[in-house]
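Chemist: Coordinates for the following, if possible.
(chains A and B)
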Amino acid sequence: MRRALIAGAITALICPAIGVFLVPRRLSLVADTLAHVALAGVAIGLVVGVSPMVGALVVTAAGAIGIERLRVRGALSGDAALAVFLSGGLALAVVLLGLGPGFNVDLFAILFGGILTVTVTDVWLIAGLGVVVALTIGVLYPRLLAVTLSEELARTSGVPVTTLNLVITVLTALTTVIAMRMVGVLLVSAMIVIPTLAGFALAASFRGALFVAMGIALLSMASGLVLAYYLGLAAGASVVLIALALFALTVPLRRLRAFVWTTPG
Amino acid sequence: MSVVALDHVGMSYDGVRALEDITFAIERGDFMGIIGPNGSGKTTLLKLMLGLLVPTEGEVRLFDTAPSAFRAWHRIGYVPQRTVFDQSLPVRVDEVVGTGLVATATRWSRAAARRRVSEVLQVVGLAGKEPSRVGALSAGQQQRVLIARALVCNPELLILDEPTGGVDPEAQAAFHALLQRLNSEQGVTLVLVSHDIGVVARDVTRLACLNRRVIFCGSPNAFFTDPRLSALYGEAVRVVGHAAPCAHAG
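Modeler: Numbering: from 1, shown residues only, chains lettered A, B, ... in the order given. Coordinates of the predicted model:
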């Protein structure tokens, strides 16, 4: 349980940190696409005999670069490129996993998360990836904000927009691999998007939205893990359902705030 | 060295000619006005100057450097035609203006950045608006936020694409007075695209008229005595001074 909480806390902090730079740019599906590519990476890792997480890491990073290259060259529109990689990743994973009935793999955990079975090695890998993502975002925050608000204005301020878009996509890949272990391939995008939306709904600044989103993700993760542990529920799904409930609460809170701000006196 | 130089520049989109054989230079200290009818290529021209577009013919030089190789972006401020970001985002005024500081190579301390942002907000008449959410401001105030963002690095060249759209007349007058001060007192080179011929003609030192090609480039006085004005806008156009009432035909 302690390992699960540590890994969960890192995941909860990292997911919204990348989410705030994806959601405003209508790139929420990138995380979902990369999660499906990660599934192919898990399968490839099993076939070649390496750790599934390492396989997921390598293949997802390569997939992120491929998606961004296709998008920049205009070879495919944004959503078409995502559709190609999402379906291709899933199909490859299904075929490879089907080839090896002897693979010792918990498919349910891969799809929906196995946070309560996380190992010490997993924790170290998640921590390492988390540090890379956090440091990169910390150093590049002003430029990432500029690109998120307006690519055109960012270019006229000398920001290397193409390179930064690639950085965002690769960071999303790393975040996907982190979150995949916690909540599973099918729920990764939920951990990235839902706390972010809640943060944007409640906060009065972009930086504030980031911290609010992290807080909501942490609360969801801790509550979901405790519920899963004591009630025997699916951990990843429990975390996501609590995040959804917290997001639903932001609706009346946002209306109350708007009422207070606009009421004279 | 010209600040901006265009040499036989042409631009086509999917076989459609947006600009053709554009050749002129903007010198240091110029206040260049660019006018033209809708679809004449004014915004395209600005984007070519800034390297946001690559010309299909000819060459653009920015401070004697190709835009693709240009690195000193803190020397340039740009105000686009309209607010370009999602207004539902919880972004503060000071956060938007602060993104203009990424153009400088040096890292600003939080305190220094905050001071500089407050200074430029005061200049554009938004003092005290730092914590306001940009999406909650009026269109005119949002445009002034973008102007503040363009000024935050003390640029040598300021490029503005119809910056006073949606701004009330009093704020427009203050803004044009600001541009005059920047040009005459601080020597900032200005390139202003505007539909308001009267204001442009009054304030600028040089005027370029665009209709896919450069129809006219010279002093504002020469423009008003040039018969090519009618070629640009059609026979029915008159330039009416803002203080003069319109004469009625009947």
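Chemist: Now do the strands in chain B.
Modeler: Ranges of strands in chain B, per DSSP state E, are B:4-13, B:16-26, B:31-35, B:57-62, B:76-79, B:157-161, B:189-193, B:206-211, B:213-218.
Chemist: For chain A, find the nearest of the ones you listed.
Modeler: Of all those, strand B:76-79 sits nearest to chain A, with 4.2 Å by C-beta to the nearest C-beta. (C-beta placed from N, C-alpha, C; glycine too.)
Chemist: chain center to that closest one: distance?
Modeler: Centre-to-centre, strand B:76-79 and its host chain are 7 Å apart (C-alpha atoms, centre = their mean, to the nearest Å).
Chemist: In the sheet, which strands lie alongside that strand, parallel or antiparallel?
Modeler: Strand B:76-79 has these partner strands in its sheet, going by DSSP bridges: strand B:157-161 (parallel).
Chemist: which of the residues in the longest helix along chain B are buried?
Modeler: Ranked by residue count under DSSP state H, the longest helix found in chain B is helix B:169-186. Neighbour-count burial for helix B:169-186, counted by 16 or more other C-beta atoms under 10 Å in any protein chain shown, picks out B:171, B:172, B:175, B:176, B:178, B:179, B:182, B:183.
Chemist: which strands and helices sit next to it?
Modeler: Secondary-structure packing of helix B:169-186 (3 or more C-beta pairs under 8 Å, 6 or more residues apart in numbering or on different chains; DSSP states H and E): strand B:31-35, helix B:139-151, strand B:157-161, strand B:189-193, helix B:197-203.
Chemist: who's in contact with the residue lying closest to residue B:75 once chain neighbours are set aside?
Modeler: Using C-beta to C-beta, 6 or more residues apart in numbering or on different chains and skipping residues adjacent in sequence, the residue nearest residue B:75 is residue B:156, 4.7 Å away. By C-beta atoms under 8 Å, 6 or more residues apart in numbering or on different chains, the residues touching residue B:156 are B:3, B:28, B:75, B:76, B:187, B:188, B:189.
Chemist: returning to what we had before: turn the helices and strands packed on helix B:169-186 into CSV, columns for mean pLDDT and mean neighbour count.
Modeler: CSV is the format used below for these (pLDDT from 0 to 100; neighbours: other C-beta atoms under 10 Å in any protein chain shown):
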stretch, mean pLDDT, mean neighbour count
strand B:31-35, 93, 25
helix B:139-151, 90, 24
strand B:157-161, 95, 23
strand B:189-193, 94, 24
helix B:197-203, 74, 18
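Chemist: and the ones you listed as TSV, adding distance to residue B:130?
Modeler: Below are the helices and strands packed on helix B:169-186 laid out as TSV (distance: least, C-beta to C-beta, whole Å):
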stretch	distance to residue B:130
strand B:31-35	30
helix B:139-151	10
strand B:157-161	22
strand B:189-193	26
helix B:197-203	29
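Chemist: who wins for proximity to residue A:36 among the ones you listed?
Modeler: Taking C-beta to C-beta, helix B:139-151 is the member of these nearest to residue A:36, at 38.7 Å.
Chemist: Any part of that closest one near chain A?
Modeler: Yes. Contact of helix B:139-151 with chain A (C-beta under 8 Å from any C-beta of the partner chain) involves B:146, B:149.
Chemist: so what does that helix touch, helix or strand wise?
Modeler: strand B:76-79, helix B:93-98, helix B:110-123, strand B:157-161, helix B:169-186.
Chemist: Residue A:132 contacts residue A:174, correct?
Modeler: Yes. Judged on C-beta atoms under 8 Å, residue A:132 makes contact with residue A:174 at a distance of 6.3 Å.
Chemist: Next to chain B, which bits of the stretch 1-150 of chain A? Give me the list.
Modeler: Selection of the stretch 1-150 of chain A residues close to chain B by C-beta under 8 Å from any C-beta yields A:24, A:142, A:143, A:145, A:146, A:149, A:150.
Chemist: so which of the helices and strands packed on helix B:169-186 gets nearest residue B:80?
Modeler: When those are ranked by proximity to residue B:80 (C-beta to C-beta), strand B:157-161 comes first, at 5.6 Å.
Chemist: Give me the below-cutoff pLDDT ranges for the stretch 151-265 of chain A.
Modeler: The model of the stretch 151-265 of chain A has pLDDT under 70 over residues A:256-265.
Chemist: Which residue, other than its chain neighbours, is closest to the residue of it found nearest chain B?
Modeler: Closest residue of the stretch 151-265 of chain A to chain B, C-beta to the nearest C-beta: residue A:158 (3.1 Å). Leaving aside its sequence neighbours, residue A:158 sits nearest to residue B:73 (C-beta to C-beta, 6+ apart; 3.1 Å).
Chemist: count of neighbours near the one you found?
Modeler: Neighbour count for residue B:73, taken as other C-beta atoms under 10 Å in any protein chain shown: 23.
Chemist: likewise residue B:111?
Modeler: Quick note: residue B:111 (other C-beta under 10 Å) scores 8 neighbours.
Chemist: again with residue A:137
Modeler: When neighbours are counted by other C-beta under 10 Å, residue A:137 registers 20.
Chemist: So it versus residue A:175, what's the distance?
Modeler: 10 Å (C-beta to C-beta, to the nearest Å).
Chemist: what residues are shared contacts of those two?
Modeler: Common neighbours of residue A:137 and residue A:175 (C-beta under 8 Å, 6+ apart) are A:17, A:18.
Chemist: Next, give phi and psi for the residue nearest to residue B:75.
Modeler: The phi and psi values for residue B:156, taken as degrees, to the nearest 10, are phi -90, psi -30.
Chemist: Before we move on, what's the pLDDT of it?
Modeler: Per-residue pLDDT puts residue B:156 at 95.
Chemist: Just the mean pLDDT for the top helix by length along chain A, thanks.
Modeler: If you go by DSSP H, chain A has its longest helix at helix A:120-149. In this model, helix A:120-149 has an average pLDDT of 92.
Chemist: Quick check: what element follows that helix along the chain?
Modeler: Counting by DSSP states H and E, the element after helix A:120-149 in chain order, helix or strand, is helix A:151-156.
Chemist: C-terminal to that following helix, what's the next element?
Modeler: helix A:161-183.
Chemist: Now that following helix: buried residues?
Modeler: Neighbour counts over helix A:161-183 (16+ other C-beta under 10 Å) mark A:161, A:164-183 as buried.
Chemist: One more: stretch B:209-218?
Modeler: Going by neighbour count (16+ other C-beta under 10 Å), the buried part of stretch B:209-218 is B:209, B:210, B:211, B:212, B:213, B:214, B:215, B:216, B:217.
Chemist: OK, contacts around the closest residue to the last one other than its chain neighbours?
Modeler: Spelled out, it's residue B:217. Leaving aside its sequence neighbours, residue B:217 sits nearest to residue B:208 (C-beta to C-beta, 6+ apart; 4.6 Å). Residues in contact with residue B:208 (C-beta under 8 Å, 6+ apart) are B:24, B:32, B:33, B:34, B:35, B:214, B:216, B:217.
Chemist: What separation do you get for residue B:208 and residue B:22?
Modeler: 9 Å.
Chemist: Quickly list what's touching both of the two.
Modeler: What both residue B:208 and residue B:22 touch, as defined by C-beta under 8 Å, 6+ apart, is the set residue B:214.
Chemist: And the residue of chain B closest to chain A?
Modeler: Counting by C-beta to the nearest C-beta, chain B gets nearest chain A through residue B:73, at 3.1 Å.
Chemist: State whether that residue and residue B:101 are indeed in contact, as I suppose.
Modeler: No. Counting by C-beta under 8 Å, residue B:101 is not a contact partner of residue B:73; they are 11.1 Å apart.
Chemist: The nearest residue in space to residue A:10 that is not next to it in sequence: how many residues sit nearby?
Modeler: Spatial nearest neighbour of residue A:10, excluding adjacent residues (C-beta to C-beta, 6+ apart): residue A:130 at 4.3 Å. Residue A:130: 20 surrounding residues under other C-beta under 10 Å.
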